[in-house]
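[1] got a predicted structure plus its sequence, pasted below:
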Amino acid sequence: MKTAGIILVVVLALAAGFYLGHRSVSVTETTTVEYHPMPPVHVSIDAPAPLRFTVPDLPQWLYFTDTVTQRPVIDTAAILADWILKREYGDRLVEDTTGTIDYFAIVQYNRLQNIALDYTPIQRSVTITRTIQPRFTPFVLVGANTAGFGQVETGVLLNRAAFSIELGAGAPGKYVGAKVGLRF
């Protein structure tokens, strides 16, 4: 029966210690999301080969009206000027949390002369920070002095204030005391 009582006291002391330790801290959690640009990837292809050639059933000709006959005539000079004209295209295709994709293309002489893609990936970084802030800090002190007194002191530290109870024993007898303090 005595062993069962000791085991019960130990189990209760462990449970009380766990409960006090769990209640003695507050945990706050903060989440930070950051986006870091990564090195860009550049791909350029000069004069890519065409896949197929087709002529539409009804081509779009450039006409001008002959002032003498008042009939529309195909404007060969305008067609040649359009054929020689160098056109540059570029725009952003994708812009989201994964990165950006830009393109740049050059068309001249009825051919795609160059096409380039620039991909700039963005890395998403999530940082979770848990901060443990003690609400109170329990403490136990055991000591003795040259006058023959032995003492046990237990207490709690709340922010800057401290409260404790002291039990002591020595040659003249037993005593009980209490203390209040301030942490610097």
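    Here it is on my side, so go on.
[2] grab the nearest non-local neighbour of the residue nearest to the spatial centre of the chain.
    Closest residue to the average C-alpha location of the chain: residue 126 at 2.2 Å, with Cα atoms, centre = their mean. Counting by Cβ to Cβ, 6 or more residues apart in numbering, residue 33 is the residue found nearest to residue 126 once chain neighbours are left out, at 5.4 Å. Quick note: C-beta positions are derived from backbone N, CA and C, even for glycine.
[3] what's in contact with whichever strand or helix holds that neighbour?
    Counting by DSSP states H and E, the element that carries residue 33 is strand 25-37. Strand 25-37 is touched from outside by 97, 99, 120-135, with contacts defined as Cβ atoms under 8 Å, 6 or more residues apart in numbering.
[4] could you do stretch 70-88 as well?
    For stretch 70-88, the external contacting residues (Cβ under 8 Å, 6+ apart) are 61-66, 104-110, 113.
[5] output the residues you listed as TSV; include the columns pLDDT.
    As requested, those are arranged in TSV below (pLDDT from 0 to 100):
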residue	pLDDT
61	73
62	75
63	75
64	77
65	79
66	78
104	95
105	94
106	94
107	92
108	91
109	89
110	84
113	91
